[in-house]
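In: Next input, structure requested:
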Amino acid sequence: RFLLDDATMGPAVNVSEGRAKVEVASGPNGQAQALSWRPATPAHDLLRQSLPLAVAVVLVLVVVCTVAARISRRAIVSLVEAERRMRHAATHDFLTGLANRSMVSPEFDRMSKTGEVAVVCLDLDGFKAINDRHGHAAGDALLKEVAARLKAACRAGDSVFRLGGDEFALLMSDVSPAKAELFCRQLCLEISQPYLIQEKPMVIGASFGLSVVPAGETSCDAAFRRADEALYRAKNTLRYTPPTQQPESDHVRRVG
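Out: All right, here's what the predicted structure looks like:
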């Protein structure tokens, strides 16, 4: 009795279905008496006993997978963002945020396929004097302001580049030589307006070299060489002197 689960004695006919039984005696009326018990179910018992552990393991796995998925997603996003920053750093100037020299040729090729391209080389006049007088931090701040004015003045389809130092370049599509020259003169006036850098007013000038190239007529290098030559002529036409030695209207440079 103590080795069997729920062992009972009684008439064999009264043993319910699903219970194990064995006839052990006969009653006075000849009715068979049986010993019955609940049969062992090791698989069911094992499942019942291991169910809490299985649930706990599943929950742990779900939590671990969720955390791993979030970490993986963050790592992927971080890698994609790092790659984007590296690509941007390789093609853009770190100080002004403008496209750098590496982007000039691809952008020129793209624009020249659709029509005329105006190539503008720009060089600041008097920038070295500001660097020497106020320091490189002030010079960097001034370059940022100049870049901001260039971007604000250009049309939506134009491209602005910082080639290095105080040299910039512009690519303008679908513009006539006369309109391109007028734009450069207006831009020259805009750049020559006073700047407030480190709470100090500063004024610089700018010289421009312009070359308008018909669609597909010449290469990027040839177009920039012509613009550079025009810039050289413009800078030597009228040498820049500091603002204390000439009126502010003379800060506007000629366009070659």
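In: Let's check: the centremost residue of the protein is which one?
Out: Nearest to the mean C-alpha position of the chain, counting by CA atoms, centre = their mean, stands residue 84 at 4.6 Å.
In: pretty sure that one is in a strand, no?
Out: No: the assignment for residue 84 is helix, going by DSSP: H, G, I helix; E, B strand; the rest coil, so no strand is present there.
In: Distance check, it against residue 198.
Out: Spatial separation of residue 84 from residue 198 under the definition CB to CB, to the nearest Å is 33 Å. Placement of C-beta: from N, CA and C, glycine included.
In: Test my guess that residue 205 contacts residue 125.
Out: Yes: shown here, residue 205 and residue 125 form a contact pair, counting by CB atoms under 8 Å, at 3.7 Å.
In: can you give me the strands in the chain?
Out: Secondary structure of the chain (DSSP state E): strands located at 5-11, 20-26, 32-38, 117-125, 159-164, 167-173, 195-197, 200-202, 205-213, 252-255.
In: and residue 111, how far is that from residue 170?
Out: Taken as CB to CB, the spacing of residue 111 relative to residue 170 amounts to 11 Å.
In: shared neighbours, the two?
Out: Counting by CB atoms under 8 Å, 6 or more residues apart in numbering, the common neighbours of residue 111 and residue 170 are residue 159.
In: pretty sure residue 122 is touching residue 207, no?
Out: Yes: in this structure, residue 122 sits in contact with residue 207. The criterion is CB under 8 Å, and the distance is 7.2 Å.
In: Quick check: neighbours shared by these two?
Out: Each of residue 231 lies in contact with both residue 122 and residue 207 under the rule CB under 8 Å, 6+ apart.
In: Please identify which of the two sits among more neighbours.
Out: Each of residue 122 and residue 207 had its neighbours counted (other CB atoms under 10 Å), and the higher figure belongs to residue 122 (29 against 26).
In: Bridged to the more buried one, which residues?
Out: Per DSSP bridges, the residues bridged to residue 122 are residue 168, residue 208.
In: Enumerate every residue touching it.
Out: Residues touching residue 122, when contacts are defined by CB under 8 Å, 6+ apart, comprise 150, 167, 168, 169, 170, 187, 206, 207, 208, 209, 231.
In: Export the residues you listed as JSON lines, with columns for distance to residue 102 and pLDDT.
Out: As requested, these are arranged in JSON lines below (distance: CB to CB, whole Å; pLDDT from 0 to 100):
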{"residue": "150", "distance to residue 102": "18", "pLDDT": "94"}
{"residue": "167", "distance to residue 102": "15", "pLDDT": "94"}
{"residue": "168", "distance to residue 102": "15", "pLDDT": "95"}
{"residue": "169", "distance to residue 102": "12", "pLDDT": "95"}
{"residue": "170", "distance to residue 102": "16", "pLDDT": "95"}
{"residue": "187", "distance to residue 102": "24", "pLDDT": "92"}
{"residue": "206", "distance to residue 102": "23", "pLDDT": "92"}
{"residue": "207", "distance to residue 102": "24", "pLDDT": "92"}
{"residue": "208", "distance to residue 102": "22", "pLDDT": "92"}
{"residue": "209", "distance to residue 102": "21", "pLDDT": "93"}
{"residue": "231", "distance to residue 102": "21", "pLDDT": "91"}
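In: from the residues you listed, which is closest to residue 66?
Out: Looking at the contacts of residue 122 and their distance to residue 66, the nearest is residue 150, at 49.1 Å (CB to CB).
In: Contact partners for the closest one?
Out: Contacts of residue 150 were listed using CB under 8 Å, 6+ apart, and they are 98, 122, 160, 168, 170, 187, 191.
In: what do you get for residue 111?
Out: Under the criterion of CB under 8 Å, 6+ apart, the neighbours of residue 111 are 117, 159, 171, 173.
In: contact partners of stretch 209-217?
Out: The contact list for stretch 209-217 (CB under 8 Å, 6+ apart) reads 112-122, 175-177, 180-181, 184, 223-224, 226-234, 255-256.
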